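Peer 1: Need a 3D model of the sequence below.
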Amino acid sequence: MSPFEFAVPPPSVERIESRIAVDLVKKALFVAPVIVVALGLWRGVDAALGALLALVVVIANFLASAAIIGWAARTVPHALPGVALLSFLVRLAAITAIGAGVKAAGIVDWPVFGITLVVTYLGLLFWELPSISLTLASPGLKPKPGQFEE
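Peer 2: Okay, here's the model as predicted:
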């Protein structure tokens, strides 16, 4: 075996951002029923709808982020940092506009919507952090034990 051959094939680096976003969405869908039901029982139907809307916004934001970063990585890799920053600012403005619209319309419990939005966004990111591999040997999600054994 030459020094340039791998005993174990390296993982595919295609769509790393999509795999991470899908993992975040799975975790969000796991906690969503608990959050919605708990807030609904505590503060009523408006609170449950506010929590549900906030979770939808968070999930859409993660998926949009992955789609934009994935597109930039494949299409204009030299502009990836700029595209990532600009897309973050645009998505932040969109979330702010959605929040302002929700508050102005008064369709859901505004404090529950806002708190759920911020807490689930940050909570999911911190929950995902241990799952991320920060090595070039296995970028993206950390491989599961025995994933590459033959």
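Peer 1: Quick one: list the elements packing against the helix or strand encompassing Phe88.
Peer 2: Using DSSP states H and E, Phe88 falls within helix 80-105. Using 3 or more Cβ pairs under 8 Å, 6 or more residues apart in numbering; DSSP states H and E, the elements in contact with helix 80-105 are helix 45-75, helix 110-128. Backbone N, C-alpha and C define where each C-beta goes, glycine included.
Peer 1: possible to save those helices as JSON lines with mean neighbour count, mean pLDDT and distance to Ala28?
Peer 2: Formatted as JSON lines, these follow (neighbours: other Cβ atoms under 10 Å; pLDDT from 0 to 100; distance: least, Cβ to Cβ, whole Å):
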{"stretch": "helix 45-75", "mean neighbour count": "19", "mean pLDDT": "94", "distance to Ala28": "5"}
{"stretch": "helix 110-128", "mean neighbour count": "17", "mean pLDDT": "93", "distance to Ala28": "6"}
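Peer 1: what's the closest of the ones you listed to Leu89?
Peer 2: helix 45-75 (11.7 Å; Cβ to Cβ).
Peer 1: what about that closest one, distance to the chain center?
Peer 2: Averaging C-alpha positions (Cα atoms, centre = their mean, to the nearest Å) puts helix 45-75 7 Å from its chain's average.
Peer 1: what's the answer for stretch 15-22, then?
Peer 2: 9 Å.
Peer 1: Same check on stretch 77-89?
Peer 2: 17 Å.
Peer 1: Sort out which residues of that stretch are buried, please.
Peer 2: 83-84, 87 (16 or more other Cβ atoms under 10 Å).
Peer 1: Quick one: closest of the helices and strands packed on helix 80-105 to Ala21.
Peer 2: Taking these one by one with Cβ to Cβ, helix 45-75 is closest: 3.5 Å.
Peer 1: The residue nearest to Arg91 when sequence neighbours are not counted and Lys26: what is the separation?
Peer 2: In space, and not counting its chain neighbours, Arg91 is closest to Asn61: 5.6 Å by Cβ to Cβ, 6 or more residues apart in numbering. From Asn61 across to Lys26, the span is 16 Å (Cβ to Cβ, to the nearest Å).
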